[in-house]
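K.L.:
Here's a sequence, model it:
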Amino acid sequence: MYFKQILDDHNGCASYVIASRDSRDAAIVDPSADLAPYAALLAERGFHLRYVIDTHIHADHISLARALAATHDVEVCLHEAAAVTYPHRALSDGEEVPLGRLRLRFWHTPGHRPELTSILVVDPERGPEPAMVLTGDSLLAGDVGRPDFGGGDAEAQFESIGRLLRLPDWVAVFPGHFEGPCGKSMSGRPSTTIGYERLYNRLLHLRREAFVEALTSGVPPRPLNMWAIEATNRGQADANWAMLTTAPQVPQVEVEALAERAPEAVVMDVREPEEYEAGHVPGAISLPQAELASRLAEIPHEVPLFVICRTGGRSLRVTQFLRTCGMQQATNVRGGTEAWRAQGKSLVVGPQADGNLQTGALVSTTNPRQPRVRGRKQ
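P.N.:
Residues are numbered from 1 along each chain as shown. Purely as a prediction, here's the structure:
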């Protein structure tokens, strides 16, 4: 067997190349970021691509599965519950596909997303048990995938994790993320084992109610451009440009600049609506980062634009993205709302009023937000 993990440090994603050294047949799982490494590896090793598999519909990065499959004239494989508009091979729970002497066995492990499937890699000539499992965003190193990206289910996640924990301790776990917004407490390790997570993953020691509570409270912010990215991965939009793939230097200012800004300048708060309502800089408008690429037309292009979040991290990435879209008036506010608060400046509590973003006035979010979390009825 040949196995290679490819890490995308910019987005915290992991993808995988699995191949049979005998037949030279290969599968690529969750490809992202750049086609070049996959093409180079296939050519160098003389592998024949047979399957391109997405473990689920991604919401934080653009999947390259369709582009890769088209290049090599193979099908994209997804679980049969995946709601996509493009042709694909629908996989069912327990289905196996051959890869030379290897077998890829698909386990439906919903929770993070309803269609998420894990992939058990079995080499029958070595033994009947799987040597490894690719868990997508189900079981992560030190965490589990969050269930609030739309259609997720914390109780389904509890059941799926329980299923994975019935695997032997020695089974190696290769998740779809090692950092980023898909979990609150990922350890940063790109792989782990079932046994290690059974012992040291704190979430796996919780009973059902406590597990659901842990997953549905204090969730991290939704990822940058989630609306546009998810729609693209479903085949409902064409926004490949919505994934930030670089980290350009951008101008930054301290919070004092907000108090001295020109009358026509706009302050854009990219936090979640509930964060904004809990306290925002006077005059700031709300446009959550998850909705940004889908609402670019609402953002004024010809006036100074100050981008702010809680401490400056999210707003930095938003500013970088806006600059790559040609909005050279965008500037990041260092320290964010917390720096404003630390200087004793007042914050406005409550939702924003009606208005027009183009004029710098307050504006309401007109697009419905996806549900934060859905739990199954008992």
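K.L.:
Mind checking what helix or strand follows the helix or strand of the chain with the lowest mean pLDDT in sequence?
P.N.:
The element with the least model confidence among the helices and strands of the chain, by mean pLDDT, DSSP states H and E, is helix 256-259, at a mean of 92. Downstream of helix 256-259, the first helix or strand assigned by DSSP states H and E is strand 266-269.
K.L.:
Show me what the following helix or strand past that following strand is packed up against.
P.N.:
Following strand 266-269 in sequence order, the next helix or strand is helix 273-278 (DSSP H and E). When contacts are defined as 3 or more C-beta pairs under 8 Å, 6 or more residues apart in numbering; DSSP states H and E, helix 273-278 sits against none of the other helices and strands. In this view, the C-beta of every residue, glycine as well, is placed from N, C-alpha and C.
K.L.:
Tell me which residues of helix 273-278 come out buried.
P.N.:
Neighbour-count burial for helix 273-278 flags 273, 275, 276 (criterion: 16 or more other C-beta atoms under 10 Å).
K.L.:
and if you look at stretch 198-207?
P.N.:
When burial is assessed from 16+ other C-beta under 10 Å, stretch 198-207 yields the following buried residues: 201, 203, 204.
K.L.:
Next, the contact list for the second one, please.
P.N.:
Counting by C-beta atoms under 8 Å, 6 or more residues apart in numbering, residue 203 touches 143, 144, 161, 185, 211, 214, 215.
K.L.:
So it, which state does it fall into?
P.N.:
The three-state label given to residue 203 by DSSP: H, G, I helix; E, B strand; the rest coil is helix.
K.L.:
if I look at it, how far off is residue 197?
P.N.:
9 Å (C-beta to C-beta, to the nearest Å).
K.L.:
and what of residue 116?
P.N.:
Using C-beta to C-beta, which is the criterion applied here, residue 116 is 17 Å from residue 197.
K.L.:
Between those two, point out the one with more neighbours.
P.N.:
Taking neighbours as other C-beta atoms under 10 Å, residue 116 and residue 197 compare with residue 116 leading, 29 against 24.
K.L.:
If I follow the layout properly, the more buried one ends up in contact with residue 56?
P.N.:
Yes: counting by C-beta atoms under 8 Å, residue 116 sits close enough to residue 56 to count as a contact (4.0 Å).
K.L.:
Please enumerate the shared neighbours of the two.
P.N.:
Common contacts of residue 116 and residue 56, defined by C-beta under 8 Å, 6+ apart, comprise 79, 136, 137.
K.L.:
Residue 1: neighbouring residues, count only.
P.N.:
The burial count assigned to residue 1 is 17, neighbours taken as other C-beta under 10 Å.
K.L.:
what sits against it?
P.N.:
By C-beta under 8 Å, 6+ apart, the neighbours of residue 1 are 18, 19, 20, 21, 102, 121, 123, 131.
K.L.:
from the contacts of residue 203, which is closest to residue 319?
P.N.:
residue 185 (27.3 Å; C-beta to C-beta).
K.L.:
gap between the residue lying closest to that closest one once chain neighbours are set aside and residue 191?
P.N.:
With C-beta to C-beta, 6 or more residues apart in numbering as the criterion, residue 185 has its nearest non-adjacent residue at 4.5 Å, and that residue is residue 143. Here the criterion is C-beta to C-beta. By it, residue 143 lies 14 Å from residue 191.
K.L.:
if you count what's nearby, which of these two comes out ahead?
P.N.:
residue 143 (22 against 14).
K.L.:
wait, isn't that one in contact with residue 180?
P.N.:
No: between residue 143 and residue 180 there is no contact, the gap being 10.9 Å when judged by C-beta under 8 Å.
K.L.:
just the buried residues of helix 273-278 now: which is nearest residue 226?
P.N.:
residue 273 (13.9 Å).
K.L.:
Centroid-nearest residue for the chain?
P.N.:
In the chain, the residue lying closest to the centroid (C-alpha atoms, centre = their mean) is residue 60, at 2.9 Å.
K.L.:
quick one: secondary structure of that residue?
P.N.:
Remark: residue 60 carries the secondary structure label coil [criterion: three-state DSSP].
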